[in-house]
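**Student:** one predicted model, sequence on top.
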Amino acid sequence: MEWIVLVIVGLIASSLGSLIGMGGGIIVVPALLYLATLPEFSHLTPQVVVGTSLFTMIFTGLSSTLAYMKIKTVDYKSGLIFLIGSGPGSILGAWITEKLDLHSFNLYFGLFIIFVSFVLLVKDKLKPLPFRKDKGVVRQFTDNIGRNFEYGFNPIMAVLISFVVGFLSGIFGIGGGSLMVPTMIILFFFPPHVAVATSMFMILPTAILSSITHIALGNVNWLYALALVPGAWMGAKVGVFLNTKLKSKTIVWIIRVILIIVGIRLIYQGITG
């Protein structure tokens, strides 16, 4: 029964995560924290939850990246620049996780996902900042209906921002896309579909680096990871398919509501626990 529950969690989280570039960890981590309150999963600690989530993100990232490569929406060059920051940040975040107890983790993670839900609420209402072509990298993209987009960023600013995103990813095991996608759209003018695909491309190496750190610290439950991986692999492909067929606004609204409810619950546990 435990395995069935975990496969379903991996499938749902990965489907929603790859649909909007979040990676799925923002759903896997709260789900595992909730399961940890049940007798069958009571041995799960925040560190093991994060380590196991990040390990499954490797397969979500790989599956999503392969699918997005086929429809040619991944900006590899920009993704590699962002990784200069997010890679070291994710390692540092994984190390910092060791210092948090259950109640502190619940409180900080609850506050974080409330913030993420706010970002998702306002990201469609914010306009990109003025873009100066002489200040950094300039990229162009033509979508599948022939629309042309021009976007770009300052490489130094991109590395610094992605370091912070990688750091938060390593601490909370959420893949980083929940912050990186809005950042790409608002600050760096990325077309939404390119932002999502590039975010999933970045999640793969970031998750690998964070997972290596967590494996070394003994923070991966291998049996649970093996149960989550099949759902994560299949769910990522489902999410990519939906990304090409649907407007994601309805899904984003559902995720906002879920995140707010889960965030309030975790903050309550962290304060009263």
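**Tutor:** Nice, thanks for sending it over.
**Student:** which residues does residue 149 bridge with?
**Tutor:** Applying DSSP bridges to residue 149 gives these bridge partners: residue 141.
**Student:** touching, it and residue 185? I think so.
**Tutor:** No - Residue 149 sits out of contact with residue 185 when judged by Cβ atoms under 8 Å, with a separation of 11.1 Å. (Each C-beta comes from the backbone N, C-alpha and C, glycine too.)
**Student:** give me the more crowded residue out of those two.
**Tutor:** More crowded of residue 149 and residue 185, by other Cβ atoms under 10 Å: residue 185, with 21 against 15.
**Student:** which element, helix or strand, includes that one?
**Tutor:** Assigned by DSSP states H and E, residue 185 belongs to helix 177-186.
**Student:** what are the buried residues along that helix?
**Tutor:** Across helix 177-186, burial judged by 16 or more other Cβ atoms under 10 Å covers 177-186.
**Student:** for stretch 140-156, same thing?
**Tutor:** Of the residues in stretch 140-156, those buried (16+ other Cβ under 10 Å) are 141, 151-153, 155.
**Student:** next up, the contacts around the residue nearest to residue 188 when sequence neighbours are not counted.
**Tutor:** Sequence neighbours aside, residue 153 is the residue nearest to residue 188 in space, at 4.0 Å (criterion: Cβ to Cβ, 6 or more residues apart in numbering). By Cβ atoms under 8 Å, 6 or more residues apart in numbering, residue 153 lies in contact with 78, 136-137, 187-189.
**Student:** and which of these is nearest residue 208?
**Tutor:** Using Cβ to Cβ, residue 78 comes nearest to residue 208 of the contacts of residue 153, at 19.1 Å.
**Student:** I figured the closest one hits residue 140, correct?
**Tutor:** No - under the criterion of Cβ under 8 Å, residue 78 is not in contact with residue 140, lying 11.7 Å apart.
**Student:** so residue 50, which of the three states?
**Tutor:** helix (DSSP: H, G, I helix; E, B strand; the rest coil).
**Student:** that one contacts residue 29, doesn't it?
**Tutor:** Yes - in this structure, residue 50 is within contact of residue 29 by Cβ under 8 Å, at 6.6 Å.
**Student:** surely residue 220 meets residue 210?
**Tutor:** No - counting by Cβ under 8 Å, residue 220 does not reach residue 210; the two are 10.8 Å apart.
**Student:** quick one: the strands in the protein?
**Tutor:** Secondary structure of the chain (DSSP state E): strands at 137-142, 148-153.
**Student:** from residue 82, how far out is residue 105?
**Tutor:** Separation of residue 105 from residue 82 (Cβ to Cβ, to the nearest Å): 26 Å.
**Student:** between these two, who's got more neighbours?
**Tutor:** Per other Cβ under 10 Å, whichever of residue 105 and residue 82 has more neighbours is residue 82, with 29 against 24.
**Student:** thought the more buried one was touching residue 157?
**Tutor:** No - Residue 82 lies out of contact with residue 157 (Cβ under 8 Å); the separation is 10.8 Å.
**Student:** check residue 130 and give its pLDDT.
**Tutor:** On pLDDT, residue 130 comes in at 56.
**Student:** what are the buried residues along stretch 84-97?
**Tutor:** For stretch 84-97, burial by neighbour count (16+ other Cβ under 10 Å) applies to 85-91, 93-95, 97.
**Student:** going by distance to residue 253, which of those residues wins?
**Tutor:** Nearest to residue 253 out of the buried residues of stretch 84-97 is residue 86 (Cβ to Cβ; 27.5 Å).
**Student:** ok, the residue lying closest to the closest one once chain neighbours are set aside - contacts?
**Tutor:** Counting by Cβ to Cβ, 6+ apart, residue 166 is the residue found nearest to residue 86 once chain neighbours are left out, at 3.2 Å. Contacts for residue 166 were tallied using Cβ under 8 Å, 6+ apart; they are 85-90, 93, 176, 206.
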